[in-house]
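> just the structure for this:
(chains A, B and C)
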Amino acid sequence: MKTDTASRSCGMPIPTPDGEFIAYYSGQGLCRLEFPSGTKQRKRKAGLARPSAPIRAWHAAASKALRLALAGQPSKKLPPLDLSGGTDFQRRVWRTLRKIAWGRTWSYAQVAKAIENPKAVRAVGSACGANPIPVLVPCHRVLAANHKLGGFSGGLAWKRRLLVREGNPGGRAS
DNA sequence: TAAGTGCGTCGTT
DNA sequence: AACGACGCACTTA
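Prediction:
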């Protein structure tokens, strides 16, 4: 079942050494994070209302956390994450992903076991692919059982890069 | 070893 | 009914 979440604000850019990410916020917190897309994103149009104070605070926190993560450091403080926009199954998966410690990796099967649905391995993969907040919700820490990389919605290069920066050479499980 | 095939399984569309 | 960010057994080279 899917619970529809509140309205989403327009995207707010997060400049990083790896490019400009785009963050989206709902009334509950950060609800989406997009990797830099080669093509120019449309930025906030001039004349649009300045984001509300809580959103500005969340955006500051998200920006800081993201830059830390990209620098290979665990981020201490995260903004509230609005993961309400997903099915029950997906939310269970995403909640589990957040338990994977920095610098460690799980297999898709391990995640399936953790949500007490051990046979839903492949579905777990789909749910990871649907993760709306990559990097901060560390779906990149999930590898295939054969210790190979598996897939990544943002492109395998990103997955490798994130793993390596967390200290996983080449993307090997721990 | 490495790479490819087939099939079970399950959530989503 | 078809499709996957899987896992496993098994076959080939």
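> quick one: low-confidence ranges for chain A?
Within chain A, the stretches with pLDDT under 70 are A:1-8, A:39-47, A:170-174.
> who in it is up against DNA strand C?
Selection of chain A residues close to DNA strand C by C-beta under 7 Å from any atom of the strand yields A:107-109, A:121-126, A:128-129, A:131, A:134, A:139-140, A:142, A:144-146, A:150-154. For every residue, glycine as well, the C-beta is placed using N, CA and C.
> need the residues that contact stretch A:145-163.
A:18, A:35, A:69, A:105, A:107-109, A:125, A:128-131, A:134-135, A:138-144, A:170-173 (C-beta atoms under 8 Å, 6 or more residues apart in numbering).
> list the buried residues in that stretch.
Buried positions in stretch A:145-163, judged by neighbour count with 16 or more other C-beta atoms under 10 Å: A:149-150, A:152, A:154, A:158-163.
> span of that stretch from start to end?
End-to-end span of stretch A:145-163 (C-alpha to C-alpha, to the nearest Å): 16 Å.
> could you do stretch A:12-30 as well?
11 Å.
> just how off-centre is that stretch within its chain?
From the chain centre to the centre of stretch A:12-30 is a distance of 11 Å (C-alpha atoms, centre = their mean, to the nearest Å).
> and the end-to-end length of stretch A:113-130?
Using C-alpha to C-alpha, the end-to-end distance of stretch A:113-130 comes to 19 Å.
> next one: stretch A:72-85
So stretch A:72-85: terminal residues 28 Å apart, C-alpha to C-alpha.
> for that stretch, buried residues please.
Those would be A:75, A:78-79, A:81-83, A:85, for stretch A:72-85 by 16+ other C-beta under 10 Å.
> over to stretch A:112-124?
Buried residues in stretch A:112-124, counted by 16+ other C-beta under 10 Å: A:112-115, A:120-121, A:123-124.
> relative to A:C128, how far out is the residue nearest the centre of chain A?
Residue closest to the average C-alpha location in chain A (C-alpha atoms, centre = their mean): A:P134, at 1.8 Å. Using C-beta to C-beta, to the nearest Å, A:P134 is found at 9 Å from A:C128.
> so where's the longest strand in chain A?
Secondary structure of chain A per DSSP state E: the longest strand is strand A:19-25.
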